[in-house]
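J.: When you get a sec, could you give me coordinates for this:
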Amino acid sequence: MADGQLSNPTHPTPPTKDERLDRLRLVRSRRVGAVTYHRLLAEHGSASAALAALPHIAKAAGVDEYQVCPLGVVQAELKQGRASGATLLLHGEADYPQALLEIPDAPPVLWAIGDVSLLNRPAIGMVGARNASSLGVRMARRLGAGLSEAGFTVVSGLARGIDTAAHEAALASAGRTVAVMAGGIDVIYPQENAGLAAAIDASGCRISEHPPGVEPQARHFPLRNRIVAGLSRAVVVVEAAAKSGSLITARAALDYGREVMAVPGHPFDARASGCNMLIRDGALLVRGPQDVLEALGAPTAARPEPEMRLDPMPGPAASRRPLKEVALLHSMILNRLGPSPLAEDQLMRDLNVTSAQLAPELLTLELDGRIARQPGGLLARLDQSRLD
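T.: Take a look at the predicted model:
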């Protein structure tokens with residue numbers, strides 16, 4: 001079953017105390033990702049039954065001598081989590097973010113430090129470039145402060161640049177911010193944001209789906225981005241290159257039915273090219289907090305004079321490609337590809353699309369771990385039908 005075809009229950013049954021260790025063992029077992037975890041629970045009814053079935057499922061998928069996660073491993077994780085001052089939230093428990101229950105690949109577990117009630121307040125994600133311009137940082141601060149003052153929790157990824165500015169502005173305003181970590185809850189990355197992380201712990205919240213002690217790796221960042229999107233009613237991209245993690249976040253938001261918004265920038269600035277592409281394709285143009293609040297139907301104050309003006313990209317609105325077409329193209333690509341390699345030019349002909357239309361979407365799916373490139377310009381879909 002493809003990831004997008006799985007639907008989580010809206011009101012899952014909270015796990016009992018006896019079930020918690022088994023659920024943690026299940027998600028920490030080798031080759032069990034979020035989608036597989038939810039499917040196993042749905043098929044077997046309990047984590048203990050899923051653990052018993054897992055070696056047989058793995059063998060059917062060609063994995064011999066499979067062993068589930070040992071009890072001692074998760075006991076050590078719980079001990080390390082408690083030592084770091086974190087709380088474990090399992091999918092379906094009362095404090096687990098309700099917004100994440102709506103997404104098909106919701107993290108089965110979250111470690112959290114700080115005010116966990118913020119995880120169930122209306123939230124807006126803000127993402128953007130690490131090497132942000134001074135204008136981008138100013139806009140991120142303005143948005144972070146304005147949205148926090150309006151009652152929204154600002155969600156971002158604790159990265160340099162736009163993320164840092166959004167978190168700092170929200171803290172300085174009403175203190176409502178959530179940082180989603182790419183590594184373990186006790187591993188601050190980048191280290192220069194250790195002071196910011198401590199401030200978030202005091203009045204905001206930090207969360208991670210990984211065990212404490214895990215160092216962030218490249219494959220962890222798209223996973224983090226989908227949590228930012230899942231937590232948020234809308235995602236605002238402040239600055240982003242044409243091929244960036246911020247656009248992965250925006251596309252995840254689209255897949256989850258969230259609003260996607262972007263701040264326009266100068267056509268000659270590579271840091272704005274991703275935002276301008278999103279706006280061209282139908283994302284809401286954002287000039288300040290007022291635009292975000294109006295789009296979400298939130299109460300707004302009397303319209304102030306804008307602090308700064310950013311002109312939108314030229315071009316008639318009728319020529320913009322809707323963002324929904326991007327999601328449709330992703331589905332068409334995945335449906336056409338299989339484990340047997342297919343030439344990229346053949347895929348272009350099969351889908352009747354141009355190279356310019358196809359290339360960025362292939363990159364996104366590759367970064368997301370859903371397709372793989374092979375020598376000779378061949379593409380194959382990564383098999384997640386059994387274990388991801």
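J.: shaky segments in the stretch 51-200 of the chain?
T.: Counting by pLDDT under 70, the stretch 51-200 of the chain has no low-confidence residues at all.
J.: which residue ranges form the strands in it?
T.: Ranges of strands within the stretch 51-200 of the chain are 87-90, 109-114, 123-127, 153-156, 177-180, based on DSSP state E, counting those that start in this stretch.
J.: surely residue 179 meets residue 201?
T.: No. Residue 179 lies out of contact with residue 201 (CB atoms under 8 Å); the separation is 9.3 Å. (Each C-beta comes from the backbone N, C-alpha and C, glycine too.)
J.: between those two, who's got more neighbours?
T.: Set side by side, residue 179 and residue 201 show more neighbours around residue 179, with 29 against 16, by other CB atoms under 10 Å.
J.: How about that one: what's its closest non-neighbour residue?
T.: Using CB to CB, 6 or more residues apart in numbering and skipping the chain neighbours, the partner closest in space to residue 179 is residue 158 (4.2 Å).
J.: isn't the one you found right next to residue 164, touching?
T.: Yes. Counting by CB under 8 Å, residue 164 is a contact partner of residue 158 at 7.4 Å.
J.: To residue 241, which of the strands of the stretch 51-200 of the chain lies closest?
T.: For the strands of the stretch 51-200 of the chain, the distance to residue 241 is smallest for strand 123-127, at 12.1 Å, taking CB to CB.
J.: ok, residues contacting that closest one?
T.: The set of residues external to strand 123-127 that reach it, using CB atoms under 8 Å, 6 or more residues apart in numbering, is 99, 140, 143-144, 147, 152-157, 162-163, 166, 178, 225, 228-229, 231-238, 240, 245-246, 249-250, 253, 258, 292, 296.
J.: Let's see that with 7 Å instead.
T.: Among residues not part of strand 123-127, those counted as contacts by CB atoms under 7 Å, 6 or more residues apart in numbering are 140, 143-144, 147, 152-157, 162-163, 166, 178, 228-229, 231-238, 246, 249, 292.
J.: Can you tell me which of these are buried?
T.: Burial by neighbour count, 16 or more other CB atoms under 10 Å: within these this picks out 140, 143-144, 147, 152-157, 162-163, 166, 178, 228-229, 231-238, 246, 249, 292.
J.: my read: residue 259 touches residue 295, true?
T.: Yes. Residue 259 is in contact with residue 295 according to CB atoms under 7 Å; the separation is 6.3 Å.
J.: center of this protein, which residue is that?
T.: When the chain is reduced to its mean C-alpha position, the closest residue under CA atoms, centre = their mean turns out to be residue 226, at 1.4 Å.
J.: nearest spatial neighbour of that one, skipping sequence neighbours?
T.: The shortest distance from residue 226 to any non-neighbouring residue, by CB to CB, 6+ apart, is to residue 252 (4.4 Å).
J.: could you dump stretch 36-56 to CSV, C-alpha only?
T.: Taking only C-alpha atoms (Å, rounded to 0.1, in the frame of the first residue of the first chain), the coordinates of stretch 36-56 have been written out as CSV:
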residue,chain,number,x,y,z
THR,A,36,4.5,0.4,8.5
TYR,A,37,3.9,0.9,12.2
HIS,A,38,0.4,2.2,11.7
ARG,A,39,-0.4,-0.6,9.2
LEU,A,40,0.9,-3.3,11.6
LEU,A,41,-1.2,-2.0,14.5
ALA,A,42,-4.3,-1.8,12.2
GLU,A,43,-3.8,-5.3,10.9
HIS,A,44,-2.9,-7.0,14.2
GLY,A,45,-4.8,-5.0,16.8
SER,A,46,-2.0,-4.6,19.3
ALA,A,47,1.7,-4.0,19.4
SER,A,48,2.5,-7.3,21.0
ALA,A,49,0.7,-9.2,18.2
ALA,A,50,2.5,-7.0,15.6
LEU,A,51,5.9,-7.8,17.2
ALA,A,52,5.1,-11.5,17.0
ALA,A,53,4.1,-11.3,13.4
LEU,A,54,7.0,-9.0,12.3
PRO,A,55,9.7,-11.7,11.8
HIS,A,56,7.3,-13.6,9.5
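J.: quick one on the thing from earlier: what about the residue nearest to residue 226, which SS state?
T.: The assignment at residue 252 comes out as helix when based on DSSP: H, G, I helix; E, B strand; the rest coil.
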